[in-house]
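Enquirer: curious how this folds, go ahead:
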Amino acid sequence: MDLGLRDRVALVTGGASGIGRACVHALLDEGARVAIVDRAADGARVAQELAAAGRDVRFFRAELTDEDAVRAAVDAAASSFGRLDSVLGCAGISGPVGEPLGTVAVDDWDRVMSVNVRGNFLVTKHSLPFLSASDVATIVYIASDSAFVAFEGMGPYSVSKSAVAMLAKAVSVDHPAVRSNALCPGIVDTPMSRKDLGRPTGFAGTGLPVMAPEQIARHAIFLASPVSAPINATTLASDFGYLARAALGELDFSTDSSGRG
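Expert: Prediction:
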């Protein structure tokens, strides 16, 4: 399927690794031109390798919690490519894992909110003037199934991802010319999830419902493309249907309403 992304310009935060990097590859495969914005200098190497293979991709380094740095990176990316059509907000951190809210340090809480919420807000704020000039303007935030349910010991992360999902709705209301959605995956096999869940070699044999970054990237670029034009202000769960299941598990309906077996 042609997603209509050829020659469109997309900015990807967190594009140096994980889901962000997979999104960069997926966009380039569709013929898009890509700006990687990441705090990690490794993003420069990723961009250089892809550029050497003939891909139109450039790297702009920025700490996403720093408004001046974000403004400069977005301005430089839009100036370099001459336009901006899509933003994919993939950068994020998990923060403290396995720690109940009552013992979470304020600094840890603030760091998660600063990267996951403030970071997405700042990139959005400074991208909107350029997106508003595009006829196919889109934003896709990588949120999480944690936006819908609270996972034990991951309170700050769950709260932040819920805020990201609401950010997508707020953008669509305040800026109706810019289509905005949040993609909410379950466990994705990335370096971050391997570290968080204590699986340094991966998830083979665990029985957990895990997906590859490339799968999520395909979902993300579909939402970023003109093909998904009617889809706006949604939070799309990509979790194999686990959110639809009752937490109590299977119930025993072996007796009729009268109580007789």
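
Enquirer: what separates residue 20 from residue 217, distance-wise?
Expert: 9 Å (CB to CB, to the nearest Å). No exception for glycine: its C-beta is placed from N, CA and C like everyone else's.

Enquirer: residues contacting residue 165?
Expert: Residue 165 is in contact with 141, 143, 147, 182, 184, 235, counting by CB atoms under 8 Å, 6 or more residues apart in numbering.

Enquirer: quick one: the most centrally placed residue in the chain from residue 240, how far?
Expert: Centroid check for the chain by CA atoms, centre = their mean gives residue 142 as the closest residue, at 1.6 Å. Plainly put, residue 142 is 17 Å away from residue 240 if you go by CB to CB.

Enquirer: just to revisit the earlier point, got the confidence number for the residue nearest to the centre of the chain?
Expert: The model reports residue 142 with a pLDDT of 98.

Enquirer: quick one: it and residue 204, what's the gap?
Expert: The gap separating residue 142 from residue 204 is 24 Å, by CB to CB.

Enquirer: likewise residue 188?
Expert: As judged by CB to CB, residue 188 and residue 204 stand 15 Å apart.

Enquirer: the more surrounded of the two?
Expert: residue 188 (22 against 9; other CB atoms under 10 Å).

Enquirer: just checking, the more buried one touches residue 208?
Expert: No - using CB atoms under 8 Å, residue 188 makes no contact with residue 208, being 11.0 Å away.

Enquirer: now do the contacts for residue 70.
Expert: Residues in contact with residue 70, defined by CB under 8 Å, 6+ apart, are 37, 62, 64, 119, 122, 123, 126.

Enquirer: ok, the second one - contacts?
Expert: Okay, so that is residue 62. 37, 38, 39, 69, 70, 72, 73.

Enquirer: the last one: neighbour count?
Expert: By the other CB under 10 Å criterion, the neighbourhood of residue 73 contains 26 residues.

Enquirer: thought it was touching residue 58?
Expert: No - the pair residue 73 / residue 58 is not scored as a contact, 10.7 Å apart, by CB under 8 Å.
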